[in-house]
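Peer 1: Pasted the sequence and its predicted model underneath.
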Amino acid sequence: MARQLYTARLENKLLLSERAQCYHLEFSAPELPAFDFLPGQFVSMVAEDSHGKQQTRAYSIASAPSANKFAVCVNRVEEGFFSNKLCDFEPGAEVHFHGPHGLFTLRKPLTDSIFIATGTGVAPMRGFAEYLFPESGEDRSEGRHIWLVYGTRHETDLYYQKYFQKLAAERPNFHYLSTLSRPHEGWEGLRGYVQDHVAEIVTRRAHENHRADVVSTAAEPRGYDIHAYICGLNEMVSGNRDRLMELGWERKQVIFERYD
């Protein structure tokens, strides 16, 4: 059965990185009074290429639900069709999509959480953050501690850096750690790979709570009081899952989405 297609109209376009040609694209769905989705889900966009072949690409939603609007984070890909098409969009341009789709969503009840991302894998993390810590309205974080560990090669590729820094300054239970694997000489932040800093968070948290592992309370039937949400390339996702398993975590504590 064919999926229901809707029209997405570009309302706003923000350049996130000149070097990476990465854009934050804000769309509305004018046919819908509201576009309901869960933070972390994705939409599938549909268009014909130059050969008349229908192409479909999935993009994580980089925003929290708000009326009939949603945002995506897109960068140019060498010889790529869909991402480059979207990067060339100007306000008013339209594309078809279906969705929302996906199970990369916050588990209930909410626990302390570590968000782990590289590159455009930060898009759903921005959606999580907007949902948990809205600019106006009730804080939905329930006082849980939320860490975002975001890694990339170069400082210019840290998308939404100012947003996350501002959020961390305003919300004492939101902790933002950005790390570079190829930092320039003047970089004063963290260095290395995200899994190393994730391990430090887990180990320090366990020590502070005077226990050898991170399992307690009745947050879920097995009693998990912390989860990790990972989004990025397969190698990074696997590296973090393996490290967390070594630290005594169980598979159900780790929720992930990979895009290669």
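Peer 2: That came in fine, so what should we check first? Residues are numbered from 1 along each chain as shown.
Peer 1: Please make it C-alpha for all contacts and neighbour counts, starting now.
Peer 2: Will do.
Peer 1: what's the following helix or strand after the helix ranked longest in the chain?
Peer 2: When the chain is parsed with DSSP state H, its longest helix is helix 194-208. Using DSSP states H and E, the helix or strand that directly follows helix 194-208 along the chain is strand 226-232.
Peer 1: Direction included, what does that following strand pair up with?
Peer 2: Sheet pairing of strand 226-232 (DSSP bridges) gives strand 112-118 (parallel), strand 254-258 (parallel).
Peer 1: Other residues contacting it?
Peer 2: Residues outside strand 226-232 that contact it (CA atoms under 8 Å, 6 or more residues apart in numbering): 104, 111-122, 124, 214-215, 237, 240, 253-259.
Peer 1: Around Ser50, how many other residues sit close by?
Peer 2: Neighbours of Ser50 under the rule other CA atoms under 10 Å: 8.
Peer 1: SS state for it?
Peer 2: Taken by DSSP: H, G, I helix; E, B strand; the rest coil, the conformation at Ser50 corresponds to coil.
Peer 1: pretty sure Thr179 is touching His154, no?
Peer 2: No: using CA atoms under 8 Å as the test, Thr179 is too far from His154 to be in contact (9.1 Å).
Peer 1: Which residue of the two possesses the greater neighbour count?
Peer 2: Per other CA under 10 Å, whichever of Thr179 and His154 has more neighbours is Thr179, with 24 against 16.
Peer 1: Just say helix, strand or coil for that one.
Peer 2: strand.
Peer 1: So which bits of stretch 43-51 are buried?
Peer 2: Within stretch 43-51, the residues that count as buried by 16 or more other CA atoms under 10 Å are Val43, Ser44, Met45, Val46, Ala47.
Peer 1: what about it, distance to the chain center?
Peer 2: 23 Å (CA atoms, centre = their mean, to the nearest Å).
Peer 1: and Lys162, how far is that from Tyr176?
Peer 2: Look at Lys162 and Tyr176: by CA to CA, to the nearest Å, they are 11 Å apart.
Peer 1: can you check Cys73 too?
Peer 2: Distance from Cys73 to Tyr176, by CA to CA: 19 Å.
Peer 1: Only alpha carbons, please: show the host helix or strand of Lys166 as CSV.
Peer 2: Counting by DSSP H and E, the element that carries Lys166 is helix 161-170. C-alpha atoms of helix 161-170 as CSV (Å, rounded to 0.1, in the frame of the first residue of the first chain):
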residue,chain,number,x,y,z
GLN,A,161,27.2,24.6,19.2
LYS,A,162,25.8,28.0,20.5
TYR,A,163,22.4,26.5,21.2
PHE,A,164,23.8,23.6,23.3
GLN,A,165,26.2,25.9,25.1
LYS,A,166,23.4,28.3,26.0
LEU,A,167,21.2,25.5,27.2
ALA,A,168,24.0,24.1,29.4
ALA,A,169,24.5,27.5,30.9
GLU,A,170,20.8,27.9,31.7
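Peer 1: Can you give me the buried ones in it?
Peer 2: Result for helix 161-170 [16+ other CA under 10 Å]: buried residues Gln161, Phe164, Leu167, Ala168.
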